[in-house]
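*Asks:* sequence unknown, structure follows:
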């Protein structure tokens, strides 16, 4: 029988479950949202807005590639309301420009997935990242936008908290999240945003790229979400974030700083109403939400495609040179903000539905 | 019918799957390892050794609680070899000393899981952490010890890389991992180990606790492990680590540092043999292992139980005071080293078996 | 938050996994095939042929409804070969004729799913069966057609073995399966086929419907497929068949007849080459295939929509009358033959891939 | 690395999930019940009673093998009540008598799993059925007994409806289920029971075995259980039953008889209260329970171990002879009655908990 090379892991979630398909340069990408509750009046504008936030070409500091990203819903919605049946959707790949990539056919791009895909699957869609392209995250944003609508009372706010060495050094409580979308870089502190944008422009001119971090704050999360042994709430949030392209790290609450602290400073003292004076726990204790704000930080590496010449090898192991062409992001974090929010929403809605089994 | 409060998430893995049970103060803890290949000659001494490494009371800088932790295997092994059928095992709770905890019956301990368990399940085993206790990790170590034996060519080495503000500031390549077990704190650099141990002793005298980090290095991992969309290899490693008690953060490869870098410095340039000159990718590209060393760092908060008086509330919301009694760890990282290794082994063996479906 | 009504269970398979979406009268139906091995040259004609076999309007004894059922593949196939990534596909609902169903808006059709859907989901797509319609099985046939291509050496042959009281009373070994498709009723014995077709025509004239059975024979199945406790090969085949609309029973090997027999007549005696003299086991022992032919029989009830007046109730519990309109099958078994084969192929390919983990 | 032979499929259920381990001649068998709601006062006597019903040696017409089958609970229960955490339990194998089986070491017993296990796993526990032994069903009965207690308003009654050619030819509505346990054969009709018992005794004297069927009736099942596409309620019940050792067929409602009927006779006409006049649907429409009685029938083949000489082969393919020794059941159905009930209870409780996600 056939030699088999199989890709697993195209689904996310237990009850509210997203399964996606699609390569960057195929006909279309899309997905199935299984387990979406019935009776939700879908706000299609909100979905389009989230897609718009993720879209290339939206501001001068991101890639100028154009993607229309129109979502077509094929099932599960009747007269504007969800019916409880699976929601199938597709997004056409209208702007593939495969020619941009033909030079990659026999070359392994450094710090991309070319080498590992080739070794694992024996087949590679050289027209671009194929399945490994971040184009796939568009489907996550669609499902996340619906997940957000299922959790209207929960506030999910992500923002860029650093670009390269420029950090937003203010506690999130002092920020006005409504400012985030007013800046191209998606940092709610306008002075810091300006510096970040300047840096990104400078780096783009140099044909280089730069990394950054995103902080995400989840507010009004009900007490009790999380399965306390292997599926702790923060473990699932961590996996969700680490599954986003280019992510290298995840910390929540006190995070890596907490590892330097003493118990007497780190413990969150209860107040009579059940809230805690401090919140170094980051809203999660024993893997279960405690009603305080959940906050976490996600590290993104610099985009691997740079407009400079780099040494590399071809698929036969010969030395080669490569130089990025086409339209790429000099820094991925501004466009990753809606993706972080989408993945957080997917985790929350799934654990919220699981929790309904846990208690009633 | 009955009001239901259910706990999900007591299983880990897809093909090689561990399901655990047990509370810190019940009869026994244990588990079932499903999907363990047949024909493995079990090295029972290795398992006992790993249990010994995790055990309380092993050195002057850890809790002096005694637990024998003898593992009894009930199935799946015939004449010393695995048969491919599920391996059931139990570990008796011989030293529960429930009296140590009776004072906790109506009190919520700060930064513990008491409050969240009570709110979620409506029932709490006040004799100790119950299911939320780190005692549960003993089962992970059993399964991890078997997973390690299935992957004899892969080297898994974790070690303590910081305690409080004391950091091991050397590249892992310069360390001699065989020294790790010669120190009580499990840091392979003897000078740093000494400082860490002094700090822990000092902090214990103060009735306080301190956090720390563990670094783990996976060597000789075959190319091709990892499912590239939602189940990227590092996403699963991250979830595995974040599911360990007290963990607040996870980073791999360049991690949070990588977020400050530029593409031109971060990209790992290929050499003709398919290896890379640098390894900021941390051995994983596009969610798939590339044959280079995988390394990651895990942040642990300070233990929440301290021997000092703290304000808190009781289960009715009244103010109360609490002071830790009994035998607790002043710093959790020395004992967490074998747990980190065990969880890494579980992820690797599971993805190794998944990979067998992917390619043959 | 929202009142939730969720539908689970839209996926089938472990490694080779089909997830489907779509209602009979929505925009489109479709699915994602996850876990399909890479490198398979897809035979699109074979897929179209299987769709043609399932299609309404193909012969005078089935419904005259027209559905084009053109399958559009959106991903996972590059230059005619599978790449190992998920295969997304859609099939437009081109011929919905919702008006045929408007009379059903407030009426529960007897022995349909109207009542149970309404009670379970609180929402009903009255335009037809919606998600409960057998239209959904078109997606199974697509995935099954690809599964068949992955197993080129296994022969999968289903045929109609009874319609009403007319039985095909010959052992399957004496049949020429190549005749099956030459008859409208899909019975390979031409004389019996003729009788069945006459009966169906007579019953259709009476505005009535009739049940029937399908027998399926799987030949050249490798030894060793099946997971022997809860996921026995025949248990999964049984579930697969029972998940097809209108199925009321499943038996394999000696089946219900075997329950009347004695051990001394029922036991299959081994021959020196490992085959057995008889095969009352039906090719499966202890839940695992033994290399002999697997055969099973599936019972289908008569179609619930009849062209006669029936008493019923409306959604408020008032008495009502209903009479089927539109274009319905007088007997479902001829069109169900390719669906039975498709589901058998899905089980076989999934267990074949699981087996690759089991042994190498 | 190691040659791998893995057994999958040792778990059953989605939310209420049983994972089992253990071979017939190992140290112990046991399992973990994950997802059992908290707060249930466990009736240990009921569990013991169910175990007693399944136990060998309970009556003159079953095997005289003695097994004490004492269940030891290790976790998940505190002061007699479930806590929501996983319930671990073990049952010692006290009466293994491995010597009874030593003659089987190199022989394949006809219609047993010896041949297929050997081919699949390359390793066989020749001391008896090992993992393929029906001893494993004891764990199902433990979990089923707890499931029954979670569903106190649902009545689950299974009984023997045929042994060989002797059928209980009365509608289940006319039977008094309280009589079932008063007969050794577990048939509630005393006259029929007598005939069945005589037949079994006669067959045992001849050193032979005989098959039979069990009918199971589920009453007071809430409307709305079942996931309507691949996980229809009857599909899961079918799989549950087909996973029991020796089962060859499953039918529900009208079953195979329904395949002979016409729509006009088969349709269940609604009454004003939402019940139906007839119930050929068997309480399930579109895969979802409709509130009517669910009833189904399960076919068991005759036990393969007979006390007569049979031809067979050894593991090298040489001709051999075998004759059953030891203590075996002449007919399996009397002891299978509690197993059928247990599996039905497991499906119902799992779908009941899934349904809580579906609607609230």
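*Replies:* The structure has been received and is ready for your questions. Since this is a predicted model, take the numbers as computed values, not measurements. Numbering: from 1, shown residues only, chains lettered A, B, ... in the order given.
*Asks:* Between the two ends of stretch A:226-246, what distance do you get?
*Replies:* Terminal residues of stretch A:226-246 lie 26 Å apart, using Cα to Cα, to the nearest Å.
*Asks:* Ok, stretch A:153-171 next?
*Replies:* 23 Å.
*Asks:* Equivalent analysis for stretch A:268-284, please.
*Replies:* End-to-end for stretch A:268-284, by Cα to Cα: 11 Å.
*Asks:* how about that stretch: buried residues?
*Replies:* Within stretch A:268-284, the residues that count as buried by 16 or more other Cβ atoms under 10 Å in any protein chain shown are A:268, A:270, A:276, A:279, A:280, A:281, A:282, A:283, A:284. Where you see a C-beta, it was placed from the backbone N, CA and C, and this is true even at glycine.
*Asks:* Who are the packing partners of the helix or strand of chain A with the lowest mean pLDDT?
*Replies:* Using mean pLDDT, DSSP states H and E, the weakest-scoring helix or strand in chain A turns out to be helix A:114-121, at a mean of 88. Under the contact definition 3 or more Cβ pairs under 8 Å, 6 or more residues apart in numbering or on different chains; DSSP states H and E, helix A:114-121 sits against strand B:288-289, helix B:333-358.
*Asks:* Tabulate the ones you listed (JSON lines), appending mean neighbour count and distance to residue A:301.
*Replies:* Shown next, in JSON lines, are these (neighbours: other Cβ atoms under 10 Å in any protein chain shown; distance: least, Cβ to Cβ, whole Å):
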{"stretch": "strand B:288-289", "mean neighbour count": "26", "distance to residue A:301": "16"}
{"stretch": "helix B:333-358", "mean neighbour count": "26", "distance to residue A:301": "21"}
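*Asks:* These: lowest mean pLDDT?
*Replies:* Mean pLDDT per stretch puts helix B:333-358 lowest among those, at a mean of 92.
*Asks:* What angle do helix C:333-358 and that helix make with each other?
*Replies:* 130 degrees (axes from the mean of the first three to the mean of the last three Cα atoms, to 10 degrees).
*Asks:* for helix B:333-358, the distance to its chain's centre please.
*Replies:* When C-alpha coordinates are averaged (Cα atoms, centre = their mean, to the nearest Å), helix B:333-358 and its chain have centres 10 Å apart.
*Asks:* pLDDT below threshold where in the stretch 101-250 of chain A?
*Replies:* A:101-104, A:125-128 (pLDDT under 70).
*Asks:* That one against chain C: which residues are in contact?
*Replies:* A:121, A:122, A:123, A:125, A:130, A:131, A:150, A:151, A:152, A:153 (Cβ under 8 Å from any Cβ of the partner chain).
*Asks:* Mind checking which of these are buried?
*Replies:* By 16+ other Cβ under 10 Å, these give A:121, A:123, A:125, A:130, A:131, A:150, A:151 as buried.
*Asks:* I'd like those residues laid out as a markdown table, including secondary structure.
*Replies:* Converted to a markdown table, those look like this (DSSP: H, G, I helix; E, B strand; the rest coil):
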| residue | secondary structure |
| --- | --- |
| A:121 | helix |
| A:123 | coil |
| A:125 | coil |
| A:130 | helix |
| A:131 | helix |
| A:150 | helix |
| A:151 | coil |
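*Asks:* tell me which residues form a beta bridge with residue A:210?
*Replies:* residue B:262 (DSSP bridges).
*Asks:* Residue A:20: what secondary structure?
*Replies:* Classified using three-state DSSP, residue A:20 is strand.
*Asks:* Near it, how many other residues are there?
*Replies:* The number of residues packed near residue A:20 is 28, by other Cβ atoms under 10 Å in any protein chain shown.
*Asks:* If I follow the layout properly, it ends up in contact with residue A:139?
*Replies:* Yes. Taking Cβ atoms under 8 Å as the definition, residue A:20 is a contact partner of residue A:139 at 4.2 Å.
*Asks:* Now do the shared contacts for these two.
*Replies:* A:29, A:30, A:31 (Cβ atoms under 8 Å, 6 or more residues apart in numbering or on different chains).
*Asks:* Keep only those that also lie close to chain C.
*Replies:* Checking these against chain C (Cβ under 8 Å from any Cβ), the matches are A:29, A:30, A:31.
*Asks:* mind putting those residues in TSV, secondary structure, neighbour count and pLDDT included?
*Replies:* Formatted as TSV, those follow (DSSP: H, G, I helix; E, B strand; the rest coil; neighbours: other Cβ atoms under 10 Å in any protein chain shown; pLDDT from 0 to 100):
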residue	secondary structure	neighbour count	pLDDT
A:29	strand	27	96
A:30	strand	29	97
A:31	strand	31	97
